[in-house]
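>>> the sequence and its predicted three-dimensional model are supplied below.
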Amino acid sequence: MNLKSNISTRSIVASLIVLTSSCSQNEQLQATATTAYSNAYIIDGRGGEPIVKGTLVVENGKLVAVGPSNEISVPNGATTVDLAGKFIIPGMINAHGHVGNVKGLEKGVWSRENTIAQLKLYAKYGITTVVSLGSDQPEAKFIRDEQSNPTLDRARFFYAGNIIIANTPESAKQMVNDMVAIDADFIKIKVDDNLGTVQKMSIGVAEAAIKEAHKYNLPVAAHIWYLDDAKKLLKNGLDIVGHSVRDQAVDKEFIDLIKEKNGTYIPTLVREVSTYVYQEIPEFFSDPFFLREADPQVLDQLKDPTRMKTIWANKNTQIYKQALKIAQANLKTLSDNGVRIAFGTDSGPPARFQGYYEHLELELMEQAGMSPMKILVSATGAAAENMGLKNIGTLEPGNWADFVVLRENPLDSILNSRTIENVIVAGNEIDR
Ligand SMILES: [Zn+2]
């Protein structure tokens with residue numbers, strides 16, 4: 001459905017008329033710049049009571065008013081969109097994705113064009129911001145820098161650049177400085193031995209990277225697997241635990257530590273699924289919500305019997321399945337204990353389908369025992385706050401008008417996040 005199809009046509013007509021300039025026509029252009037979305041059930045991303053019958057007013061890409069419909073005065077001449085019976089949530093934020101470096105199942109093919117296409121894909125699924133934690137090229141800067149714009153028609157994007165794995169403190173510092181030079185928003189480090197198959201970066205070297213990043217006020221996110229590493233890194237200043245702890249249950253020491261350090265935890269549950277799900281044809285290969293954007297050629301490659309058999313026979317497959325259970329239990333414990341959670345999926349690498357995987361993650365979080373409201377907050381207001389992203393995440397005046405219109409109430413079941421009627425970024429309806 002195209003809520004604003006009539007509006008864009010009118011805007012073009014108005015713009016053309018303005019070229020010949022006259023007072024009344026100028027007023028007409030003004031009028032089309034303001035849109036009121038009224039009578040919707042609004043969940044604002046802050047975790048409080050929803051507004052049962054609310055109105056959002058959007059002007060020049062930003063929210064200028066949000067509240068109960070009977071308290072909001074809609075400016076004269078504003079275009080109104082009646083959303084009675086519909087649900088509005090803030091556009092979702094993926095705090096751990098990867099953008100632009102993969103095409104189909106092929107890695108290392110970063111391009112601007114690919115990055116933009118993937119940001120559009122995320123937006124179609126209601127993910128209106130992505131933090132890319134690795135494999136971003138220097139030109140990513142230009143894509144980020146042009147997004148503070150009321151004409152934006154894709155997901156917003158922030159980036160970490162190269163993932164830092166170093167052997168010495170000096171080289172770690174140099175790598176951080178290289179990322180500072182490309183104006184990265186985050187520093188991403190990796191402290192993991194990939195199930196005992198590679199040398200793990202030492203905590204001392206990681207600490208050097210963290211200290212160097214903090215000189216430039218850059219938050220540091222870490223790829224980790226083990227509880228012990230997560231604790232040591234937090235003690236050394238780590239800001240963001242970029243994946244679930246997956247080797248064992250989190251304990252009181254970890255909970256106290258991450259809270260004391262104001263650390264953020266990104267679960268990326270669906271990452272585990274991606275490691276084993278293609279051992280057979282996944283159930284979601286018949287989901288129309290998946291198929292609407294999936295590339296049939298990639299699906300054929302994934303359905304190749306030899307490929308599936310190799311995954312099935314891999315001894316790590318069972319470890320990852322078990323790791324998902326541990327990760328889900330840990331998420332529930334940490335959420336119950338008030339740890340800062342930011343929604344994130346690690347989508348973007350081969351066969352981790354951007355957009356759809358975010359909805360699988362929401363489902364896995366619900367399965368883990370989090371309430372739909374807590375999940376939504378972690379994917380909106382809390383994600384923005386915990387990742388330090390400004391003017392997004394909540395539906396409040398002054399923020400960008402990034403939101404999703406749903407047909408069913410996501411508070412009844414998070415699966416209703418899939419009933420997308422429309423996605424709006426900076427006041428613009430995303431073509432989907
Ligand atoms: Zn990642």
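Structure's in. What do you need?

>>> ends of stretch 105-120, what's the gap?
19 Å (CA to CA, to the nearest Å).

>>> next, give phi and psi for the nearest residue to Ile51 once chain neighbours are set aside.
Once flanking residues are discounted, Ile51 sits nearest to Ile42: 4.2 Å by CB to CB, 6 or more residues apart in numbering. C-beta coordinates here come from the backbone N, C-alpha and C atoms, glycine included. Dihedral pair for Ile42: phi -110, psi 120, per degrees, to the nearest 10.

>>> for Ile42, give me its contacts.
Pro50, Ile51, Gly54, Leu56, Val66, Phe87, Ile88, Leu395 (CB atoms under 8 Å, 6 or more residues apart in numbering).

>>> tell me how far it lies from Pro68.
According to CB to CB, to the nearest Å, Ile42 stands 9 Å off from Pro68.

>>> what do those two both touch?
With CB under 8 Å, 6+ apart, Ile42 and Pro68 have common neighbours Ile51, Gly54.

>>> show me the beta-bridge partners of the residue nearest to Ile51.
Ile51, Ile88 (DSSP bridges).

>>> Ala209 versus that one, what's the distance?
42 Å.

>>> isn't Phe158 up against Leu218?
No: Phe158 is beyond contact range of Leu218, at 11.2 Å (criterion: CB atoms under 8 Å).

>>> what residues are shared contacts of the two?
With CB under 8 Å, 6+ apart as the test, Phe158 and Leu218 both reach Asp185, Phe186.

>>> ok so, going back, by neighbours, which of the contacts of Ile42 wins?
With neighbours defined as other CB atoms under 10 Å, the most crowded of those is Leu56; it has 28 neighbours.

>>> now that residue: how far from Thr394?
12 Å.

>>> and the pLDDT for the most centrally placed residue in the chain?
Here the mean C-alpha position of the chain is nearest to the C-alpha of Asn94 (CA atoms, centre = their mean), at a distance of 1.3 Å. With respect to pLDDT, Asn94 scores 99.

>>> same question, Ser21
37.

>>> cool, and Gln318?
For Gln318, the model assigns a pLDDT of 89.

>>> which outside residues touch the helix or strand that contains it?
Gln318 belongs to helix 316-336 when assigned by DSSP states H and E. Here helix 316-336 makes contact (CB under 8 Å, 6+ apart) with 195, 244-250, 255, 258, 265, 267, 269, 272-273, 275-276, 279, 311, 341, 364-365, 367-370, 374, 378.

>>> which positions in the helix or strand hosting Glu366 come out as buried?
Element membership for Glu366 (DSSP H and E) is helix 356-368. By 16 or more other CB atoms under 10 Å, the buried positions in helix 356-368 come out as Tyr356, Tyr357, Glu358, His359, Leu360, Glu361, Leu362, Glu363, Leu364, Met365, Glu366, Ala368.

>>> how distant is it from the center of its chain?
13 Å (CA atoms, centre = their mean, to the nearest Å).

>>> which residues sit against the next helix or strand after it?
Sequence-wise, the next helix or strand downstream of helix 356-368 (DSSP H and E) is helix 372-378. For helix 372-378, the external contacting residues (CB under 8 Å, 6+ apart) are 43, 45-47, 89, 335, 341-343, 362, 365-366, 370, 410-414, 417.

>>> filter the residues you listed down to the buried ones, ChimeraX style.
Applying 16+ other CB under 10 Å to the contacts of helix 372-378, the buried members can be selected in ChimeraX as follows:
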select :43,45,46,89,335,341,342,343,362,365,366,370,410,411,414,417
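
>>> picking up where we left off before, reformat the buried residues of helix 356-368 as TSV; add distance to Ile424 and pLDDT.
Output for those, formatted as TSV (distance: CB to CB, whole Å; pLDDT from 0 to 100):
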residue	distance to Ile424	pLDDT
Tyr356	20	98
Tyr357	22	98
Glu358	17	99
His359	18	98
Leu360	23	98
Glu361	22	99
Leu362	19	99
Glu363	24	98
Leu364	26	98
Met365	24	99
Glu366	25	98
Ala368	29	98
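
>>> can you redo these as a markdown table with distance to Lys103?
Listed next are these as a markdown table, based on distance: CB to CB, whole Å:
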| residue | distance to Lys103 |
| --- | --- |
| Tyr356 | 17 |
| Tyr357 | 16 |
| Glu358 | 19 |
| His359 | 22 |
| Leu360 | 21 |
| Glu361 | 22 |
| Leu362 | 26 |
| Glu363 | 26 |
| Leu364 | 26 |
| Met365 | 29 |
| Glu366 | 31 |
| Ala368 | 32 |
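
>>> which among those residues gets closest to Arg292?
Among these, Tyr356 lies closest to Arg292 (CB to CB), at 9.0 Å.

>>> grab the nearest non-local neighbour of that closest one.
Nearest non-adjacent residue to Tyr356 (CB to CB, 6+ apart): Phe290, at 4.8 Å.

>>> ok, so what distance separates Val198 from Tyr320?
To Tyr320, Val198 is 17 Å away according to CB to CB.

>>> what about these two, which has more around it?
Tyr320 (19 against 11).

>>> nearest residue to that one in space, please, no chain neighbours.
Nearest one to Tyr320, counting by CB to CB, 6+ apart, is Thr275 at 4.1 Å.

>>> hang on, isn't Ala166 packed against Val205?
Yes: with contact defined as CB under 8 Å, Ala166 reaches Val205; the gap is 5.3 Å.

>>> find residues that contact each of those two.
Joint contacts of Ala166 and Val205 (CB under 8 Å, 6+ apart) are Ala172.

>>> contacts only, for Ala140.
Gly100, Thr115, Ser132, Phe157, Tyr159, Gly161, Ile182.

>>> thinking again about what came up before, the residue nearest to Tyr320: neighbouring residues, count only.
19.

>>> that one and Ile319: what is the separation?
Taking CB to CB, one finds Thr275 at 9 Å from Ile319.
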